[in-house]
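J.: Just the structure for this:
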Amino acid sequence: MKIKNIIFDLGGVILNLDQNRTLNAFKLLGADLEAYNESLSIFKEYETGKIDSYTFKQTIHLELKGTVSHEQIEIAWNSMLLDLPPRRVELVQKLKTRYRLILLSNTNTMHMDDIYKVNGREIFDSLFDKIYLSHEIGLRKPNLDCYDFVLKDAGLLAHETIFIDDSITNIKGAEAAGIRSILALEPLDGWIEDELVKVEMGTL
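T.: Model (predicted):
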């Protein structure tokens, strides 16, 4: 099977990520972020651009009875974001000589502002032919309409496309859209070459 396109997740695949850092940072502020995620709608709303950063931070600020500042919330929220290793950039650049590369991420304004500030937006614009961020397109994985939108907007055929993500839920969503997928058990590295060979030989 000839693969022409690869859709990459961002955090945990391209960018190193440690979500426990954010969970622990919020615990130090007196907040159980996982419980908030269950009880509050702001997380999905923020990821799909329905609310802005101020509203997101202000909601948490009020939940904590005003004891924590917006700045503290932002620092804790962004603490999960780690580095973008040069060797990974080089690997993506190599893949770009053979495939059309797309970035699709469930993310938000605060995270992307920080990522661009640290790494430079231009590096992402140079690596990917198209970038789709949930808070900008108003759609998020694993919903089928998210994958369908990306396929249509980027002019991709599902059977010519591979999706790579570190979430099994998102993988299942992509496969429901007819996209062959690879679960990233670790961030992108040399293993991707072997996995792509398996896909193209039909053994995956």
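J.: Please count neighbours and contacts with C-alpha atoms only from this point.
T.: OK.
J.: For the nearest residue to residue 100 once chain neighbours are set aside, list the residues it contacts.
T.: Nearest residue to residue 100, sequence neighbours excluded (CA to CA, 6 or more residues apart in numbering): residue 5, at 4.6 Å. Contacts for residue 5 were tallied using CA atoms under 8 Å, 6 or more residues apart in numbering; they are 99, 100, 101, 102, 156, 160, 161, 162.
J.: same deal with residue 165?
T.: Taking CA under 8 Å, 6+ apart as the test, what residue 165 contacts is 8, 9, 12, 13, 171, 181, 182, 183, 184.
J.: which of these count as buried?
T.: Using 16 or more other CA atoms under 10 Å as the burial test, the contacts of residue 165 include 8, 9, 12, 13, 171, 181, 182, 183, 184 as buried.
J.: coming back round to it: which among the contacts of residue 165 gets closest to residue 137?
T.: residue 9 (15.1 Å; CA to CA).
J.: The residue most central in space within the chain bridge partners, please.
T.: Compute the mean C-alpha point of the chain, and by CA atoms, centre = their mean the closest residue is residue 105, 3.0 Å away. On the basis of DSSP bridges, residue 105 is bridged to residue 133.
J.: Please name the residues that touch it.
T.: Taking CA under 8 Å, 6+ apart, one finds 8, 9, 10, 11, 132, 133, 134, 140, 141 in contact with residue 105.
J.: Can you give me the pLDDT of it?
T.: Turning to residue 105, the model gives it a pLDDT of 98.
J.: could you check the distance from it over to residue 15?
T.: To residue 15, residue 105 is 11 Å away according to CA to CA, to the nearest Å.
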